[in-house]
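# Quick one, fold the following:
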Amino acid sequence: MSGDVDNIEDFINQMELAGATMLQLAALALQQQATADLRQGKNPPPYLTPAPRGTFPRVRTGFLASSMLYQPQSVAAIRSAGFVRIGYAASAFYGIALGNRGWKWLEDSLANAMPQIQNQVAGFTIKGP
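Numbering: from 1, shown residues only. Got it, this is the predicted structure:
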């Protein structure tokens with residue numbers, strides 16, 4: 001009987017570890033896609049050619065693109081928390097404001113990243129008890 005319990009505990013451990021790893025990979029894929037999306041167009045000084053609404057904001061300093069973060073970052077911390085948060089750093093609050101005013105933002109980057117995320121998740125296998 002104890003062998004069955006060990007197998008079940010090992011299986012649960014594998015499931016938790018795989019889930020945390022998948023969350024980390026998904027967060028990283030989204031972070032990379034959002035960064036790439038926000039680096040698409042340049043708006044050189046004197047900044048007279050802003051991106052039209054419905055597109056990603058154009059790059060001026062690159063600060064918004066470099067402000068994409070996810071937390072927690074380690075697999076162990078993700079496993080413990082059971083979730084990952086991803087978004088703009090607090091100092092890049094204007095990314096949310098631009099998104100609310102019609103420019104593309106994180107949700108659009110998620111749509112762009114979904115094929116990669118789905119491929120990563122599809123590649124996971126877990127051995128049963």
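# Could you use CA atoms for every contact and neighbour count after this?
Will do.
# now the helices: where do they sit in the chain?
2-37, 75-81, 94-100, 106-122 (DSSP state H).
# These: which one's closest to residue 46?
Taking CA to CA, helix 94-100 is the member of these nearest to residue 46, at 19.6 Å.
# what does the closest one contact?
57, 64, 88, 104, 105 (CA atoms under 8 Å, 6 or more residues apart in numbering).
# what's the closest non-adjacent residue to the second one?
Nearest-residue entry for residue 64: residue 92, 5.8 Å, with adjacent residues in sequence omitted and distances by CA to CA, 6 or more residues apart in numbering.
# Tell me how many other residues crowd that neighbour.
Residues lying near residue 92 (other CA atoms under 10 Å) number 16.
# Now for it: which residues touch it?
So residue 92 contacts 63, 64, 67 (CA under 8 Å, 6+ apart).
# before we move on, the earlier item: out of the contacts of helix 94-100, who's the most crowded?
That'd be residue 57 among the contacts of helix 94-100, by other CA under 10 Å, with 25 neighbours.
# okay but it is in contact with residue 47, surely?
No - shown here, residue 57 and residue 47 do not form a contact pair, counting by CA atoms under 8 Å, at 12.0 Å.
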